[in-house]
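Here is my input, please return the structure:
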Amino acid sequence: MQKLFATLMCAAGIALAGSAHATVINGTIHNIDGDKDGKIDDVRISQFTFTVTAGTKVFFDALVYEATNVDLNGDGSVTGFDAHMWMFKDSTLIRSEDDSYATFGDGSVDHYDTAFTHTFSEAGTYMIAIGEHAHGPADALRGYAANRTFAPRVGALDWAAWRVTMTATNGTISNLANLNADPVAAVPEPATLGLLGAGLFGVAAARRRRRSMKSM
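Down below sits the predicted model:
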């Protein structure tokens, strides 16, 4: 179920919100083999990058904690974790944010849904990492916490969804990219499916001809 959901989330990709200057990105955290030791015993910390112009003011608002047992983000499941967000410029930590009582406007119902505002004095590309509370900046920069499996605060699944809404004023956000999302399964084009079907039909016809000749 987790793999299916992650694939659907990645297929949806990055969506633009209805209001001007608001951008939304979705993802999941779950157990992975981050340290490549053959064991799925590390927990993902999601990472995404974006580019801003100088002077851009951005309100970052996370929705991760569906504590009311209501599917707030419409993904078909009720999940939740205590979120922490980190912001980096290259490998330099710019912000480290935990609980927030700033807003519930995106459907948030709990202070575990981190939110903060930042004004970018310098144009450039920045990275946001979002994961469970109590992981450190080094874990966030690496993209996983080693030997720390995921423990849901809401729901009984082995994964949880997150959504971050970024509302920009006095500037722009561009080049949004999810760095460590699950890969999306390739979907064959209609023409490819047609060729595949024709090939299978040809193989079946050849087999029928060979059987017919042997019976003569």
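
can you give me the helices for the protein?
For the chain, helices defined by DSSP state H occupy the ranges 2-12, 137-142, 190-215.

Which helix or strand in the chain has the lowest average pLDDT?
Least confident helix or strand of the chain, by mean pLDDT, DSSP states H and E, is strand 14-16 with a mean of 38.

Show me how the record splits the chain into domains.
The chain breaks down by automatic domain parsing into domains covering 2-185, 187-216.

ranking the ones you listed by mean pLDDT, which is last?
Set side by side, the domains of the chain give their lowest mean pLDDT on domain 187-216, at a mean of 50.

can you give me the strands for this protein?
Secondary structure of the chain, counting by DSSP state E: strands at 14-16, 22-32, 42-44, 46-52, 57-63, 83-89, 92-97, 115-119, 124-132, 144-145, 159-169, 173-178.

Which strands or helices does the shortest one pack on?
Based on contacts counted as 3 or more C-beta pairs under 8 Å, 6 or more residues apart in numbering; DSSP states H and E, the elements that strand 144-145 packs against are strand 42-44. Placement of C-beta: from N, CA and C, glycine included.

what about the strand it packs on, distance to the chain center?
Offset of strand 42-44 from its chain centre (C-alpha atoms, centre = their mean, to the nearest Å): 14 Å.

can you check stretch 162-173 too?
Stretch 162-173 sits 16 Å away from the centroid of its parent chain (C-alpha atoms, centre = their mean).

ok, and for that stretch, which residues are buried?
Across stretch 162-173, burial judged by 16 or more other C-beta atoms under 10 Å covers 162, 163, 164, 165, 166, 167, 168, 171, 173.

so residue 174 makes contact with residue 56?
No. The criterion here is C-beta atoms under 8 Å, and residue 174 misses it with residue 56 at 10.1 Å.

Find the centremost residue of this structure, please.
When C-alpha atoms, centre = their mean is applied to the chain, the residue found nearest the centroid is residue 27 (1.7 Å).

Show me what that one bridges to in the sheet.
residue 162 (DSSP bridges).

Go ahead and confirm residue 21 touches residue 169.
Yes. Counting by C-beta under 8 Å, residue 21 does reach residue 169; the two are 6.5 Å apart.

Would you mind finding the most buried of the domains of the chain?
Of the domains of the chain, the one with the most neighbours on average (mean count of other C-beta atoms under 10 Å) is domain 2-185, at a mean of 17.

Off-centre distance for stretch 145-162?
So, by C-alpha atoms, centre = their mean, the centroid of stretch 145-162 is 14 Å from its chain's centroid.

end to end, how far does that stretch reach?
Taking C-alpha to C-alpha, to the nearest Å, stretch 145-162 runs 17 Å from one end to the other.

Please apply the same query to stretch 61-68.
End-to-end span of stretch 61-68 (C-alpha to C-alpha): 18 Å.

what does stretch 110-117 give?
18 Å.
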